[in-house]
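Visitor: Sequence first, then the predicted structure:
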Amino acid sequence: MKKLFLVTDSTANKVSYYHIMLLLLSLPFDRFYSHLILISLALHTLIQLKKQDIKPLFTFNNLILQSVFFVTVAGTLYTINKTQAFNEWARQIVILLMPIILCLNPISLKKYRDNFLTVFALGCTASIIYLFAQVLLTIRYYHFPISAMLSPAFTNHNFSAPFDIHATFFSMQIAIALVYLLYALIRQSPGLNTKILYIFCCAILAAGIIQLSSKSVFVSLLLIINIAIPYFLLTGKFRVKYISVAAALSILVIAGIFSIDTFKDHYVYDLKKDLSKASDNELSDPRLARWGLAMKLVAQSPVIGHGSGSEIQLLKEHYFENKFYRSYLHGLNAHNQYISFLIKTGIWGLLIYLATLFFAFRLAMTRKDLLLFSFLAIVAIVSFSENVLDVDKGTFFYAIFFSLFVFAGYEGGRVISTGNTEIRRLLQSQISYIFFYKQVAPLEPSMKFVLLFFIPLGIPCL
């Protein structure tokens, strides 16, 4: 384990190494920490910047990584709500910045990828252990039976409540950690003690996934574990043996879920309720019914949409008109990333998102990269039930792991020269920044700070 924390490299790269490690460890916790560490990493990268270390910025891979941010920027040009559109810029700015930072920073992600993911997996395991400890302490304090651990009071969002993180977004992080440990057990052939530790961590992470009860992440993991892992990592009789064991364990887990009322209600009953039509007898608004209202908005402007930041404002109007008062009061979004793109940027925005996923999946298949494929599978499936790119935890997950997996599979390239074209582009960016400042003036202070700090780094790449 010493190699995880004591690396042999230049001082600048060591500082970058610990920054990225801390950034990954901070993901389950309050966004303040991840924002602070990202700002520190950006400043460190700029301070240590050397011309000979710069990787190409204007590449197809970087365009794929940043594409959804550019869609949001373009949607701002014709939006009905500029304030919310710029708030979306602030939430998604990390999607623009991560590839730029990694291009300017000389650290070798290919060399340290496994170290980063090992530390991240251990951090996720410690987080799940802490949450289970909180559950047990609460049960002991109130003298509940131990079986109360499996009640609704301690599952799903109530389980992740101490970290104030949505259960699905926490589950996405746990899923990446679990897949990596399975990858390490199969590919890296660790020593006995390390293997025991990894198996223990896998068991804890799997228990956390079940306790968090995210249906979309659970389905993603079933597909990854039973199909993707044997396809990418195994051949011959080992593949057959693995598929048999994985299928048996999956059936056992599913049977266990159906035997416990809490999980059965959440995985089966709640799913049926989400996919049912609206009823006057229920207080909740089924997700399918809200999707129907959202598609009526899409029909009003199917090609270009209504602009970035318009989704919740328009949906609330429809919620109120159709007596979806719970959704109206909570200001719920579409809870579907694909429909969200259709509302805000129409067919062209959705096509860019789909093209991004397509090219990234093709890259993962070409490289035989299980981790990139797993990340994309999780994002693509969760996008059916959540607006992944409209919340801070979703955008950080998307930006950090997408960039990490893509950059770890490819390094090198020509040095970027700083000729007249680059100088002219920099001057243009500063002029644009002056005009941009006038636009963000009405925003809340925290959003204004994020935008005004990061945009000067990103505008030269637009």
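Guide: Okay, I see it.
Visitor: which is the next helix or strand following the helix or strand that contains Ala175?
Guide: When elements are assigned from DSSP states H and E, Ala175 belongs to helix 167-187. The element immediately downstream of helix 167-187 (helix or strand, assigned by DSSP H and E) is helix 192-212.
Visitor: What are the buried residues along the very next helix or strand once past that next one?
Guide: Using DSSP H and E, the helix or strand that follows helix 192-212 in sequence is helix 215-223. Applying a neighbour-count criterion of 16 or more other Cβ atoms under 10 Å, the buried positions in helix 215-223 are Lys215, Ser216, Val217, Phe218, Val219, Ser220, Leu221. Just so you know, the C-beta spots here come from the backbone N, C-alpha and C atoms, and that holds for glycine as well.
Visitor: list the contacts for the last one?
Guide: I take that to be Leu221. Shown here is Leu221, whose contacts under the criterion Cβ atoms under 8 Å, 6 or more residues apart in numbering are Ala175, Leu178, Val179, Ile209.
Visitor: Can you tell me which of the residues you listed comes closest to Lys277?
Guide: Ile209 (30.4 Å; Cβ to Cβ).
Visitor: circling back to that earlier point, now the angle from the helix holding Ala175 to helix 192-212?
Guide: With axes from the mean of the first three to the mean of the last three Cα atoms, to 10 degrees defining the directions, helix 167-187 sits at 150 degrees from helix 192-212.
Visitor: CA atoms only: put helix 167-187 into PDB for me.
Guide: Below are the C-alpha coordinates for helix 167-187, written out as PDB (Å, rounded to 0.1, in the frame of the first residue of the first chain):
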ATOM      1  CA  ALA A 167     -28.700   7.800  -3.500                       C
ATOM      2  CA  THR A 168     -28.400   7.300  -7.300                       C
ATOM      3  CA  PHE A 169     -25.400   9.600  -7.700                       C
ATOM      4  CA  PHE A 170     -23.600   7.900  -4.700                       C
ATOM      5  CA  SER A 171     -24.500   4.500  -6.200                       C
ATOM      6  CA  MET A 172     -22.800   5.500  -9.500                       C
ATOM      7  CA  GLN A 173     -19.500   6.200  -7.600                       C
ATOM      8  CA  ILE A 174     -19.800   2.900  -5.700                       C
ATOM      9  CA  ALA A 175     -20.400   1.000  -8.900                       C
ATOM     10  CA  ILE A 176     -17.200   2.400 -10.500                       C
ATOM     11  CA  ALA A 177     -15.300   1.400  -7.400                       C
ATOM     12  CA  LEU A 178     -16.800  -2.100  -7.400                       C
ATOM     13  CA  VAL A 179     -16.100  -2.700 -11.100                       C
ATOM     14  CA  TYR A 180     -12.500  -1.500 -10.700                       C
ATOM     15  CA  LEU A 181     -11.900  -3.900  -7.800                       C
ATOM     16  CA  LEU A 182     -13.300  -6.800  -9.800                       C
ATOM     17  CA  TYR A 183     -11.100  -5.800 -12.700                       C
ATOM     18  CA  ALA A 184      -8.100  -5.700 -10.300                       C
ATOM     19  CA  LEU A 185      -8.800  -9.200  -8.900                       C
ATOM     20  CA  ILE A 186      -9.000 -10.600 -12.400                       C
ATOM     21  CA  ARG A 187      -6.300  -8.800 -14.300                       C
END
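Visitor: Determine the set of other helices and strands touching it.
Guide: Here helix 167-187 touches helix 109-141, helix 157-160, helix 192-212, helix 215-223, helix 229-233, helix 370-382, helix 392-409, going by 3 or more Cβ pairs under 8 Å, 6 or more residues apart in numbering; DSSP states H and E.
Visitor: Could you list the residues in contact with the last one?
Guide: It stands for helix 392-409. The contact list for helix 392-409, computed with Cβ under 8 Å, 6+ apart, reads 23-24, 27, 31, 34, 61, 64-65, 68, 91-92, 94-95, 97-99, 102, 109-110, 113, 116, 165-166, 169-170, 172-173, 176, 360, 363, 367, 369, 371-372, 375, 379, 386-389.
Visitor: isn't Asn336 right next to Val388, touching?
Guide: No. With contact taken as Cβ atoms under 8 Å, Asn336 and Val388 are classed as non-touching, separated by 9.9 Å.
Visitor: before we move on, the earlier item: would you write a PyMOL line that selects the buried entries of the contacts of helix 392-409?
Guide: Per 16+ other Cβ under 10 Å, the buried members of the contacts of helix 392-409 correspond to this PyMOL selection:
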select buried, resi 23+24+27+31+34+61+64+65+68+91+92+94+95+97+98+99+102+109+113+116+165+166+169+170+172+173+176+360+363+367+369+371+372+375+379+386+387+388+389
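Visitor: Pull stretch 66-81 out as CSV, backbone CA atoms only.
Guide: These are the backbone C-alpha positions of stretch 66-81, laid out as CSV (Å, rounded to 0.1, in the frame of the first residue of the first chain):
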residue,chain,number,x,y,z
GLN,A,66,-16.5,18.8,-23.6
SER,A,67,-19.4,18.5,-26.1
VAL,A,68,-22.3,18.7,-23.6
PHE,A,69,-20.9,22.0,-22.2
PHE,A,70,-20.8,23.5,-25.7
VAL,A,71,-24.4,22.4,-26.2
THR,A,72,-25.4,24.3,-23.0
VAL,A,73,-23.4,27.4,-24.2
ALA,A,74,-25.1,27.3,-27.6
GLY,A,75,-28.5,26.8,-26.0
THR,A,76,-27.9,30.0,-24.0
LEU,A,77,-28.1,32.1,-27.2
TYR,A,78,-31.9,31.7,-27.5
THR,A,79,-32.9,30.7,-24.0
ILE,A,80,-36.0,32.2,-22.3
ASN,A,81,-34.1,32.2,-18.9
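Visitor: And the pLDDT at Tyr437?
Guide: Looking at Tyr437, its pLDDT reads 43.
Visitor: ok, back up a step: which pair of the contacts of Leu221 spans the longest distance?
Guide: The two members of the contacts of Leu221 with the most space between them (Cβ to Cβ) are Val179 and Ile209, at 11.0 Å.
Visitor: These two: which is more packed in?
Guide: In terms of neighbours (other Cβ atoms under 10 Å), Val179 is the more surrounded of Val179 and Ile209; the figures are 27 against 21.
Visitor: Next, format the helices and strands packed on helix 167-187 as TSV and append distance to Lys316 and mean pLDDT.
Guide: Below are the helices and strands packed on helix 167-187 laid out as TSV (distance: least, Cβ to Cβ, whole Å; pLDDT from 0 to 100):
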stretch	distance to Lys316	mean pLDDT
helix 109-141	33	96
helix 157-160	22	95
helix 192-212	29	95
helix 215-223	25	96
helix 229-233	43	96
helix 370-382	24	97
helix 392-409	21	96
